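A.B. asks: Prediction below, plus the sequence it came from.
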There are 2 protein chains.
Amino acid sequence: MERTLALVLEYDGTFYRGFQRQDGLPSIAERVEAALATLFGHPTPVVCAGRTDAGVHATGQVVSCVTSSPMPTRKLPVAASALLRQSSIAVVRAAERAAGFSARRDALSRTYRYQILNRVAPSPLLARRAFHVGATLDDDAMRRAALELVGEHDFAAFCAMESRHKSTRRKIEALELDRRGDLVDLRVRADSFLHNMVRIMVGTLVEVGRGRRPVPNLADVLQSCDRRRAGFTAPAHGLYLEHVSYAEPV
Amino acid sequence: MERTLALVLEYDGTFYRGFQRQDGLPSIAERVEAALATLFGHPTPVVCAGRTDAGVHATGQVVSCVTSSPMPTRKLPVAASALLRQSSIAVVRAAERAAGFSARRDALSRTYRYQILNRVAPSPLLARRAFHVGATLDDDAMRRAALELVGEHDFAAFCAMESRHKSTRRKIEALELDRRGDLVDLRVRADSFLHNMVRIMVGTLVEVGRGRRPVPNLADVLQSCDRRRAGFTAPAHGLYLEHVSYAEPV
């Protein structure tokens, strides 16, 4: 009997070219599919909720797959994580879903966290985990600027130049800054995201925080639909796909 | 003119044999002394507050040294951290101290943090940063057991067998458990520590938390002065030297 499963994944994206399979390059999908094929005894293609780019991490990626294996879902996290240990990937939770469930199509929203280390000295313990900004950031200015991005807009200015999307309209449901000492988290939730959208938003907000861009500016940048008007693309290693929400939580 | 300096260090201890120089083996001391010799133009031996073992990390190690270089202390963190980047070591802060200051002798107390990941699945992002305990831990039992260790005692039962210390009496000023979701921090402050003392205390408390050791037990273990009565030595990679306190904070 076939069952449809949803799996929550954590991974260290440092040494991957991203989630999606790419010929001959290391990808999260390739490793996860190989581990599931070993466990289930049949090829097991997966569909993901968010195609993370090269170097981007996840603490709450969700994938769906179909299996004819009778393995109980409660055994999956330990068994799959053991096979994926050397790949820096873990299956954190697993649940059964109705036939036809798709991690991508059924996702209601995605939440990304971007971690910034804001102090003079770098942190060896967070070297591949946070973007190091040595200059002092003005949290209040960043918070006020962030509010200009919340809501439904055309985000063409916050999309990688080479990308092709049917529509560049997206709805940002929340964009919040949270500081604990030297660590600044920018957390953003939207229905879905354009290519590099979170990293360009973060780069632009960092320019605001450093005083290199005025606060009442992002509405103009949005209206321009011009990628060159937005800020730099913040590096991949500060970004985490943190949560994907569904009508029924995984 | 000679100046005495105090430096606060962060490091990833994963690939080191510990802080102290050991012939031909990679040590934090060797790397830091090499970087300071380059910056100052003369050999610069350092004295540390806590001799961390192989694989143990630090976010607040303190070292003292003497230099004839006129380099301003405010430039040291960036300059030294740049030289130490490939070594996974950073100088977080630097301050001038009175002649004769010793990071070891003048330390009033040391605080270590031990990080446990308490969930079924391992975490790739914390693989070398936290001790993974899959079985559910009983926080309350661990907190009650921890109280038996607080105060001044003979900690011979919590000291690595092969060690030689003049006295095995130490004073634990605080030992607290703090949980945020799956992450459990055990934070312990004492005047100083015996060899492996924190890791043996943590291993023993984890046995309590798993229900493999009764709660009113640690006072007996202390009194026995017998290492075999205490628990296992928790692995190095969950341990961080977090803070060293002085009459004048560094």
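C.D. replies: Arrived safely.

A.B. asks: So for the strand or helix carrying A:A35, mean pLDDT?
C.D. replies: When secondary structure is defined using DSSP states H and E, the element that contains A:A35 is helix A:28-40. Here helix A:28-40 scores 98 as its mean pLDDT.

A.B. asks: could I have stretch A:241-250 exported to PDB, CA atoms only?
C.D. replies: Presented in PDB, the C-alpha positions along stretch A:241-250 are these (Å, rounded to 0.1, in the frame of the first residue of the first chain):
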ATOM      1  CA  LEU A 241      14.900  28.000   6.000                       C
ATOM      2  CA  GLU A 242      13.300  27.800   9.400                       C
ATOM      3  CA  HIS A 243       9.700  26.800   9.100                       C
ATOM      4  CA  VAL A 244       7.100  25.900   6.500                       C
ATOM      5  CA  SER A 245       3.400  26.100   7.500                       C
ATOM      6  CA  TYR A 246       0.600  23.900   6.400                       C
ATOM      7  CA  ALA A 247      -3.100  23.600   7.200                       C
ATOM      8  CA  GLU A 248      -2.000  20.600   9.300                       C
ATOM      9  CA  PRO A 249       1.400  21.200  11.000                       C
ATOM     10  CA  VAL A 250       4.100  18.600  10.200                       C
END
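
A.B. asks: Chain B contacts on chain A?
C.D. replies: Residues of chain A that fall close to chain B, judged by CB under 8 Å from any CB of the partner chain: A:10-12, A:57, A:59, A:77-78, A:81, A:85, A:88-93, A:119-125, A:127, A:129, A:134. Quick note: C-beta positions are derived from backbone N, CA and C, even for glycine.

A.B. asks: Out of these, which sit inside helices?
C.D. replies: Counting by DSSP state H, the part of these found in helices is A:77-78, A:81.

A.B. asks: what's the distance between A:E176 and chain B?
C.D. replies: Using CB to the nearest CB, to the nearest Å, A:E176 is found at 18 Å from chain B.

A.B. asks: Please report how far that residue lies from A:V150.
C.D. replies: A:E176 is 9 Å from A:V150, where distance means CB to CB, to the nearest Å.

A.B. asks: same check, this time on A:H132
C.D. replies: For A:H132, the distance to A:V150 (CB to CB) stands at 27 Å.

A.B. asks: between the two, which one's more packed in?
C.D. replies: Neighbours were counted for A:H132 and for A:V150 using other CB atoms under 10 Å in any protein chain shown; A:H132 has more, 19 against 16.

A.B. asks: How about the contacts made by A:E242?
C.D. replies: By CB atoms under 8 Å, 6 or more residues apart in numbering or on different chains, the residues touching A:E242 are A:58-60, A:111-113, A:187.

A.B. asks: ok, now A:A6?
C.D. replies: The contact partners of A:A6, by CB under 8 Å, 6+ apart, come to A:62-64, A:94-97, A:101, A:103, A:246, A:250.

A.B. asks: of those, buried ones?
C.D. replies: Burial by neighbour count, judged by 16 or more other CB atoms under 10 Å in any protein chain shown, picks out A:62-64, A:94-95, A:97, A:101, A:103, A:246, A:250 from the contacts of A:A6.

A.B. asks: hmm, back to that, tell me which entries of the contacts of A:A6 lie within strands.
C.D. replies: Counting by DSSP state E, the part of these found in strands is A:62-64, A:94-97.

A.B. asks: For those residues, give me a markdown table that also has pLDDT and distance to B:G211.
C.D. replies: Rendered in a markdown table, the data for the ones in strands among the contacts of A:A6 read as follows (pLDDT from 0 to 100; distance: CB to CB, whole Å):
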| residue | pLDDT | distance to B:G211 |
| --- | --- | --- |
| A:V62 | 98 | 33 |
| A:V63 | 98 | 35 |
| A:S64 | 98 | 37 |
| A:A94 | 98 | 26 |
| A:A95 | 98 | 28 |
| A:E96 | 97 | 31 |
| A:R97 | 97 | 34 |
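
A.B. asks: Please identify the one among the residues you listed that lies nearest to chain B.
C.D. replies: Distances from these to chain B were compared by CB to the nearest CB; the smallest belongs to A:A94, at 9.6 Å.

A.B. asks: What does A:V150 show for phi and psi?
C.D. replies: For A:V150, the backbone dihedrals (degrees, to the nearest 10) come out as phi -70, psi 140.

A.B. asks: While we're on it, how confident is the model there?
C.D. replies: pLDDT for A:V150: 98.

A.B. asks: try A:H165
C.D. replies: At A:H165, the pLDDT value in this model is 86.

A.B. asks: OK, contacts around it?
C.D. replies: A:159, A:194-195.

A.B. asks: one more time with 6 Å, if that's ok
C.D. replies: A:L194 (CB atoms under 6 Å, 6 or more residues apart in numbering or on different chains).

A.B. asks: That one sits in which helix or strand?
C.D. replies: Assigned by DSSP H and E, A:H165 falls within no helix or strand.

A.B. asks: any idea how far chain B is from it?
C.D. replies: For A:H165, the distance to chain B (CB to the nearest CB) stands at 29 Å.

A.B. asks: Repeat that for A:L205.
C.D. replies: Going from A:L205 to chain B by CB to the nearest CB gives 24 Å.

A.B. asks: where does chain A dip in pLDDT?
C.D. replies: In the prediction, chain A carries no residues with pLDDT under 70.

A.B. asks: domain assignment for it?
C.D. replies: As given by automatic domain parsing, the domain ranges for chain A are A:3-106, A:109-244.

A.B. asks: Out of the ones in strands among the contacts of A:A6, which is nearest to A:S27?
C.D. replies: For A:S27, the nearest member of the ones in strands among the contacts of A:A6 is A:V63. The distance, counting by CB to CB, is 12.5 Å.
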